[in-house]
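Asks: sharing a model prediction with you, sequence too.
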Protein chains: 2
Amino acid sequence: MSREELTKIILPEDKIPKFWYNVQADMPNPPAPPLNPRTKQPATPEDLTPIFPMGLILQEVSQERYIEIPQEVRELYKLWRPSPLYRARRLEKALDTPCKIYYKYEGVSPVGSHKLNSALPQAFFNKAEGIKRLTTETGAGQWGTALSLACKLFALECTVYMVKVSYEQKPYRRIIMETYGAECIPSPSNRTATGRAFREKEPDTPGTLGMAISEAVEDAAGRDDTNYALGSVLNHVCLHQTIIGQEVKLQMEMVDDYPDMVIGCCGGGSNFSGIAFPFVPDKLKGQKIRLIAVEPSACPTLTQGVFEYDYGDAAGLTPMLKMYTLGHDFTPPGIHAGGLRYHGDSPLVSQLFHDGLIEARAVLQKGAFEAAVMFARTEGIVPAPESAHAIRVAIDEALLGKEEGVARTIVFNLSGHGQLDLAAYDNYLSGNVQDIEFSDEALQESLKTLP
Amino acid sequence: MSREELTKIILPEDKIPKFWYNVQADMPNPPAPPLNPRTKQPATPEDLTPIFPMGLILQEVSQERYIEIPQEVRELYKLWRPSPLYRARRLEKALDTPCKIYYKYEGVSPVGSHKLNSALPQAFFNKAEGIKRLTTETGAGQWGTALSLACKLFALECTVYMVKVSYEQKPYRRIIMETYGAECIPSPSNRTATGRAFREKEPDTPGTLGMAISEAVEDAAGRDDTNYALGSVLNHVCLHQTIIGQEVKLQMEMVDDYPDMVIGCCGGGSNFSGIAFPFVPDKLKGQKIRLIAVEPSACPTLTQGVFEYDYGDAAGLTPMLKMYTLGHDFTPPGIHAGGLRYHGDSPLVSQLFHDGLIEARAVLQKGAFEAAVMFARTEGIVPAPESAHAIRVAIDEALLGKEEGVARTIVFNLSGHGQLDLAAYDNYLSGNVQDIEFSDEALQESLKTLP
């Protein structure tokens, strides 16, 4: 080796992007507008003010290509950003592949995932408009943890409704949210009318993100000092996450490389859109690049859902969104990747998928864990079960490149580490993780409930 | 703000030090030699070869000031090094102190602590001499996790004897070691003669690091293909950790600053020596700098122990080391900072403390957690309970500076994050953590067992 080879590609702190990238400015077909659930007419900003601050509502509908990141948020991004882009040399060697594999590591954030990228600006814009308290839902717990810290840093109170099955599987998640000063409640709960209704209908429900969203929205709508914050799906959340992909582009330039494909796991779409959207303009200009969203086979929204208007939550309290959906009544099986258990998907991701600009792939749970353990044993980092889905496809593509004798450049988003998800690894290592077949019957039942 | 203020001070990857710093070259009084426990004569290299490779034995006794880091180890350091030095601006603001507080964050390693700095070279030098398997002990689990990963990266088998009380308090620790492919056994166990003897003597023992060391040493001594690895105390371990302080010195230069004091928690001494030793030559040259080792009041080795020869383990299998000790028979109470529950201390740290080059301070458990929660809520990172001891003293010093109106520069080592220690935070937040008074009677009993 004549020159030392880089393992991490690091940007200096002053290269943290100053703007978020808004893909709406470049989409060939703009996303259909959200509809007011009562009137079925396009929702007005006023429809949203009971639960969102105007600063975020304006971002939600903005057509501006670049939206400035407030200085206060950028200062807080410096707690961990720019995040490193790694060259996975040891994984490549273990696979004996001619492909180059890079991963963007968002787990360096103090909460261990990419979710803080949006939690901070959401807390900031709420604080700026006089809000005292935020409510939210969390599945795997990554989003709830991020919002708990963001609220503490901006001196807001925080209440997190956590999907019951995750609350029970991941006691450490509750504790870390409480360490940041937040309140964490298993959902469905007795705290809200919708929660009580879900419990009455199905006392043993494991809960879903859709149910937890209903509870958090109801809580926020009922108090003037309280707003609601969502960790994925909405346009402004995807917008905030684009800081990931913008950094990746600068980092790839530093090593004179460019991806043949960009891979992210996809539940509501936040980490996938974050890494993928900044590459959309290149693709529109003719650059050959594949953008691959990876979802669990147990909740295959893009690969088996329908592109229709549906509610974002289980109780039908939110605006109706045009998105790929399995029906808001769909209860995904209790897989370990709790952050991917969502019936719908980001309207932006959905429209771009519909238009053929992005691809989708569904993978089974055991294969995702197998990839995650291989990754941990070569690269050292134990991945979040959600991120493991992206690793599975990155490995599959690297093996395909080997089979075909083509040296492709693969970039994936390692959206978080799995140190709070170790119970899931225990299950996998002891042979207790099952692949869950998707039930077409359940889907057909659920789709009947589309509004 | 006319210029952007740095939050993280980052070195480029090629600035990872190429040498470890060996404080033995500069000590006014060299450490007393280890003694063979049978002959009470200075141990020869041959006494150590049954459990250590010659590469590490030579480091143990070397008087060279700089020892080259093998290229293979340095390549692996790049998985997370150089680690960031943070300016704790939010903590400073919360304390309203004129002092500047910096922290070196070793929790960015894939295993979440500084322990990988020594685990990798230990695995490397064993592998180079044909060893197939390593045994070790672990208290909090940080060292066992690091050695598990290091062994996997160098294709060695790994067996970890984990102090029973930690094994029970921290199930995730076992799982992460298993995820890296290691075997993890609660100690004392039935696997070894010493383990069986400890269990017979005291069936309900919570275990100690000293007992776990005895078991790991017995296991290694009994098999030709197996060596033993220690995560702290020994000279070569402190040597490997000096990469921390060397980076800190470069990072402080980058911002034209220099510490008035350097603080690290101290159990066996590995993270403290790592950050402090590279500053010893400056102090010897007349630089005004304080080096402060912080230990738990429940196990106050430096502040209440005696400076005598004692065994490194509970069963008396190891060479006798001249060190501050509470007696190898001392069972520290089951505090949450399991990594600090060790009866002895590094002979190098002990000699330097004896010679007045370093200071020691003991802090109570509740105060450490209070400091840790304040840190998490301002800087975002949830600290390991061990590191919380260093934070307690850093905060106390920053408050003292405020009282005295003196703007001192404080640097501490945040040796690891606490995401696998959240059960301890749960106990603290629910009011179930007690300060444990040190029993002088127990100390006097234990000191009677000195060899």
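Replies: Looks like it came in fine.
Asks: enumerate the residues of the stretch 151-300 of chain A near chain B.
Replies: By CB under 8 Å from any CB of the partner chain, the residues of the stretch 151-300 of chain A that approach chain B are A:Lys152, A:Leu153, A:Pro171, A:Tyr172, A:Ile175, A:Ile176, A:Glu178, A:Thr179, A:Tyr180, A:Gly181. Glycine gets a C-beta too; all of them are placed from N, C-alpha and C.
Asks: and which of the residues you listed is nearest to A:Tyr21?
Replies: The nearest member of these to A:Tyr21, counting by CB to CB, is A:Leu153 at 24.2 Å.
Asks: count the neighbours of that closest one for me.
Replies: 23 (other CB atoms under 10 Å in any protein chain shown).
Asks: from what I see, it and B:Gly380 are in contact.
Replies: Yes - the pair A:Leu153 and B:Gly380 qualifies as a contact (CB atoms under 8 Å) at a distance of 7.4 Å.
Asks: distance of the nearest residue to A:Pro50 once chain neighbours are set aside relative to chain B?
Replies: Excluding the flanking residues, the one nearest A:Pro50 by CB to CB, 6 or more residues apart in numbering or on different chains is A:Ala221, at 5.0 Å. According to CB to the nearest CB, to the nearest Å, A:Ala221 stands 28 Å off from chain B.
Asks: now the strands for the stretch 251-400 of chain A?
Replies: For the stretch 251-400 of chain A, applying DSSP state E, counting those that start in this stretch gives strands covering A:261-265, A:290-296, A:306-311, A:320-325, A:359-363.
Asks: can you add mean neighbour count and mean pLDDT and give those back as JSON lines?
Replies: Formatted as JSON lines, the strands of the stretch 251-400 of chain A follow (neighbours: other CB atoms under 10 Å in any protein chain shown; pLDDT from 0 to 100):
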{"stretch": "strand A:261-265", "mean neighbour count": "29", "mean pLDDT": "98"}
{"stretch": "strand A:290-296", "mean neighbour count": "26", "mean pLDDT": "98"}
{"stretch": "strand A:306-311", "mean neighbour count": "20", "mean pLDDT": "97"}
{"stretch": "strand A:320-325", "mean neighbour count": "25", "mean pLDDT": "97"}
{"stretch": "strand A:359-363", "mean neighbour count": "20", "mean pLDDT": "97"}
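Asks: residue in the stretch 201-350 of chain A nearest to chain B?
Replies: Nearest residue of the stretch 201-350 of chain A to chain B: A:Met254, at 11.5 Å (CB to the nearest CB).
Asks: quick one: residues contacting the residue of the stretch 351-451 of chain A found nearest chain B.
Replies: Among all residues of the stretch 351-451 of chain A, A:Gly380 sits closest to chain B, at 3.3 Å; criterion: CB to the nearest CB. By CB atoms under 8 Å, 6 or more residues apart in numbering or on different chains, the contact set of A:Gly380 is B:Leu79, B:Trp80, B:Ser109, B:Pro110, B:Val111, B:Leu149, B:Leu153.
Asks: ranking those residues by neighbours, who comes first?
Replies: In those, the most neighbours by other CB under 10 Å go to B:Leu149, 32 neighbours.
Asks: tally up the residues packed near the nearest residue to that residue once chain neighbours are set aside, please.
Replies: Excluding its sequence neighbours, the residue lying closest to B:Leu149 (CB to CB, 6+ apart) is B:Tyr180, at 4.7 Å. When neighbours are defined as other CB under 10 Å, B:Tyr180 has 25 of them.
Asks: go ahead and confirm B:Tyr180 touches A:Arg377.
Replies: Yes - in this structure, B:Tyr180 is within contact of A:Arg377 by CB under 8 Å, at 6.3 Å.
Asks: okay, stretch A:16-31 in CSV with CA atoms only?
Replies: The C-alpha coordinates for stretch A:16-31 follow below in CSV (Å, rounded to 0.1, in the frame of the first residue of the first chain):
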residue,chain,number,x,y,z
ILE,A,16,-22.6,20.7,7.2
PRO,A,17,-25.1,21.7,4.5
LYS,A,18,-26.7,25.1,5.1
PHE,A,19,-29.9,24.2,3.3
TRP,A,20,-32.3,21.2,3.1
TYR,A,21,-33.0,19.9,-0.4
ASN,A,22,-36.7,19.9,-1.3
VAL,A,23,-37.4,17.2,-4.0
GLN,A,24,-40.8,18.7,-4.7
ALA,A,25,-39.1,21.4,-6.8
ASP,A,26,-37.8,18.7,-9.2
MET,A,27,-40.5,16.0,-9.3
PRO,A,28,-41.9,15.3,-12.8
ASN,A,29,-45.3,14.8,-11.2
PRO,A,30,-46.0,16.7,-7.9
PRO,A,31,-47.5,14.7,-5.1
